[in-house]
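**Student:** what shape does this take:
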Amino acid sequence: MLYRRKTYTIEPSMYETFTHLFHTYLLPNQLTHGAQLVGRWVNEEQTEIMAMWSYDNRVHYETVDAGIRASEMHVEAQNYRKSLTPLFISSNEDFFTSTGDYGQSKQIVAVSGCIVNEEGHVLLVRNNHRNDTYEMPGGRVEPGEMLKEAVKRVVREETGIHSEIGDRVGVYQNITSGIICMVFRGRAIAGKSVAQPPKTIDVQFVDFNKEQVGDWIKRPQFMSRVNNARISDSIAYESYEMRPYRLVEHS
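**Tutor:** Predicted coordinates for the structure are as follows:
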């Protein structure tokens, strides 16, 4: 693994603005292109911020960095910065490799909902940080949160729709990132489907069949989740790798 430490010296008055930029643009763009955030810290005086990122190797870092700089979100972030006073006084970047494996493997639990309306149309979102595809609403489970409550929350936060959650219909393991996603069926019971910036830039109830799913959903790991949730009577299971996508196991 290759680790990149990025350190910024800032004025304390710019801390909240800098953090907003990080969560809205920088973090989503890094994760979308394959970087992993180890952690982000600020000192007590709020004059120095440090973030540590991890990559498979130097080639992976260079690929991620090139993808970020060519992305639409990077342009949006730079335009946003131009509207502000200078965010930081100085910055520094350096790289590290690990001297050993001292930690335990961490898995991230996420949920997603196949939510339908009265007509049976499926609720899809287009995320700000993954705007090349539509997908079912979803997100990480918060500490102490029950799975079905997490589905209700992320659906509401991303779409404005209140939902009733039913059975679990799929388990999906992203081996590369360590994310395990539980997919549940559900139905819309209230609210209006509206994009919820900055999380989502478009929200729609969509009517499509299996042959048409590729018109909306461009990534294979999300395509199979929708298909399985709509037609399967059993709980689907898939394990896959990313960069590039490769289905390792499924049932």
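**Student:** can you give me the strands in the stretch 1-150 of the chain?
**Tutor:** Assigned by DSSP state E, counting those that start in this stretch, the stretch 1-150 of the chain shows strands spanning 2-9, 36-42, 48-55, 90-97, 108-116, 122-127, 130-135, 138-140.
**Student:** quick one: low-confidence parts of the protein?
**Tutor:** Regions of the chain meeting the criterion pLDDT under 70 cover residues 102-105, 232.
**Student:** quote the end-to-end distance of stretch 243-251.
**Tutor:** End-to-end distance of stretch 243-251: 22 Å, with C-alpha to C-alpha, to the nearest Å as the criterion.
**Student:** of the strands of the stretch 1-150 of the chain, which is nearest residue 248?
**Tutor:** Closest to residue 248 of the strands of the stretch 1-150 of the chain is strand 108-116 (C-beta to C-beta; 17.9 Å). Where C-beta positions appear, they are placed from N, C-alpha and C, glycine not excepted.
**Student:** which elements pack onto the closest one?
**Tutor:** On a contact count with 3 or more C-beta pairs under 8 Å, 6 or more residues apart in numbering; DSSP states H and E, strand 108-116 meets strand 122-127, strand 138-140, helix 147-159, strand 162-174, strand 179-190, helix 220-231.
**Student:** neighbours of residue 189, how many?
**Tutor:** Using other C-beta atoms under 10 Å, residue 189 has 11 other residues around it.
**Student:** the closest residue to residue 247 other than its chain neighbours: what secondary structure?
**Tutor:** Nearest residue to residue 247 in three dimensions, chain neighbours excluded: residue 240, at 5.0 Å (C-beta to C-beta, 6 or more residues apart in numbering). Per DSSP: H, G, I helix; E, B strand; the rest coil, the secondary structure class of residue 240 is strand.
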